[in-house]
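Novice: turn this into a model:
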Amino acid sequence: MLNKNQTLGEFIIKNQTSFKYSSGELSSLINSIRLAAKVVNHEVNKAGLVDIIGFTGNENIQSEKQQKLDVYANEKFISTLINRNIVCGIASEEEENFITINSSDRNNQNKYVVLIDPLDGSSNIDVNVSVGTIFSIYRRKTKIGTEVSIDDFLQKGRNQVAAGYIIYGTSTMLVYTTGSGVNGFTLNPAIGTFYHSNSSIKIPNDGNIYSINEGNYLQFPEFVKKYIKFCQEEKDDRPYTSRYIGSLVSDFHRNMIKGGIFLYPQTSKNPNGKLRLLYECNPIAFICEQAGGVATNGKENILDIIPTELHMRMPFYCGSKKMVQQLKKFI
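Specialist: Predicted coordinates for the structure are as follows:
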């Protein structure tokens, strides 16, 4: 039930008993992400006023040019999680390897690892377009009190215990799930508190929005080209509306609220796809499924794919169930 006077902290405490691994640690972890999000949000809102936009002159592990805000957000989320001593490992889209925390402390009882895309869509920041943060949480597979290993991070999305995103837009929202539905919280900037604004979010079963970078049309697989033509036909309830922001969080959030499909296929330039399975596809797929939608790579459910490397890329299609089912008919 929606209570717009309820804060995110109060919501977490009230609902933590419904989580099967309830111990308070996951609640503290989400609260830490909330804190880092507020700090990053403050910096994002200063873009244009201080020297925080533009390139650093470096590239990340993805061979992508790093924005200053990419580095800032990465540092803030990692430092917040480390300083609060509530996770045993972190993997970031901006880092080549995972980070081990307190590996030498045999009394360390932390059970969770976090995978994070600190600033999704950061290339849009200098033109004042919405950007976001995506996070994914797993229970470790290695024994508590030992050093984390790559196996703790290379888990299929079905094993996620929580996932969410923060969207820094006209209002700042934190949306997350622990496997019992999807809830959204909007930041009141006057007092720095997130309030429960969207309860049990459900993506419409069908929609009329398709989101894809049609500038890459000539590089798309044939089934995607055929689906785009299907969307553009003047027939029945079509043509559909084309809406593409270029920020996964923003595009998915709109489609989840209004109904639609997001497509990021493989191309001749990126034959394995471009989005990262662990940092982008898995958490968004988990949220999408919890909201009643579907996410696939075109062949299998995203959440059932076993990753083989930290920065594994994947074609990605997600959104309203009927729209994804229609896409599959063209494969």
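Novice: so where's the protein shaky on pLDDT?
Specialist: 1, 18-23, 46-66, 103-108, 125 (pLDDT under 70).
Novice: how about a cut-off of 50?
Specialist: The model of the chain has pLDDT under 50 over residues 49-52, 54-57.
Novice: is the residue nearest the centre of the chain in a helix, a strand, or coil?
Specialist: Of all residues in the chain, the one closest to the mean position by Cα atoms, centre = their mean is Ile134, 3.2 Å from it. Of the three states, Ile134 takes strand under DSSP: H, G, I helix; E, B strand; the rest coil.
Novice: that one against Ala285, yeah?
Specialist: No - counting by Cβ atoms under 8 Å, Ile134 sits too far from Ala285 to count as a contact (11.1 Å). Every C-beta, even on glycine, is put in place using the N, C-alpha and C of the backbone.
Novice: got the domain ranges for this protein?
Specialist: Domain segmentation of the chain under automatic domain parsing yields 8-198, 209-328.
Novice: against Ser200, how distant is the closest residue to Gln67 other than its chain neighbours?
Specialist: In space, and not counting its chain neighbours, Gln67 is closest to Ser122: 4.4 Å by Cβ to Cβ, 6 or more residues apart in numbering. Look at Ser122 and Ser200: by Cβ to Cβ, to the nearest Å, they are 31 Å apart.
Novice: same thing with Phe230?
Specialist: Distance from Phe230 to Ser200, by Cβ to Cβ: 31 Å.
Novice: neighbour count for these two, which is higher?
Specialist: Phe230 (17 against 13; other Cβ atoms under 10 Å).
Novice: list the residues that contact the more buried one.
Specialist: 238, 326, 330 (Cβ atoms under 8 Å, 6 or more residues apart in numbering).
Novice: now do 10 Å
Specialist: 210, 238-240, 326-327, 329-330 (Cβ atoms under 10 Å, 6 or more residues apart in numbering).
Novice: among those, the buried ones, what's the ChimeraX command?
Specialist: Buried subset of these, written as a ChimeraX selection, criterion 16 or more other Cβ atoms under 10 Å:
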select :210,240,327,330
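Novice: could the domains of the chain go into TSV alongside distance to Leu2?
Specialist: Putting the domains of the chain into TSV (distance: least, Cβ to Cβ, whole Å) gives the following:
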stretch	distance to Leu2
domain 8-198	6
domain 209-328	15
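Novice: which residues are in contact with Lys329?
Specialist: So Lys329 contacts 223, 226-227, 230 (Cβ under 10 Å, 6+ apart).
Novice: what's the spacing between it and Tyr227?
Specialist: From Lys329 to Tyr227 the distance is 9 Å (Cβ to Cβ).
Novice: same question, Pro221
Specialist: From Pro221 to Tyr227 the distance is 10 Å (Cβ to Cβ).
Novice: please apply the same query to Arg313.
Specialist: In terms of Cβ to Cβ, Arg313 sits 21 Å off from Tyr227.
Novice: the two: who's more crowded?
Specialist: Per other Cβ under 10 Å, whichever of Arg313 and Tyr227 has more neighbours is Tyr227, with 25 against 19.
Novice: shouldn't that one be within a strand?
Specialist: No - counting by three-state DSSP, Tyr227 is not part of a strand but helix.
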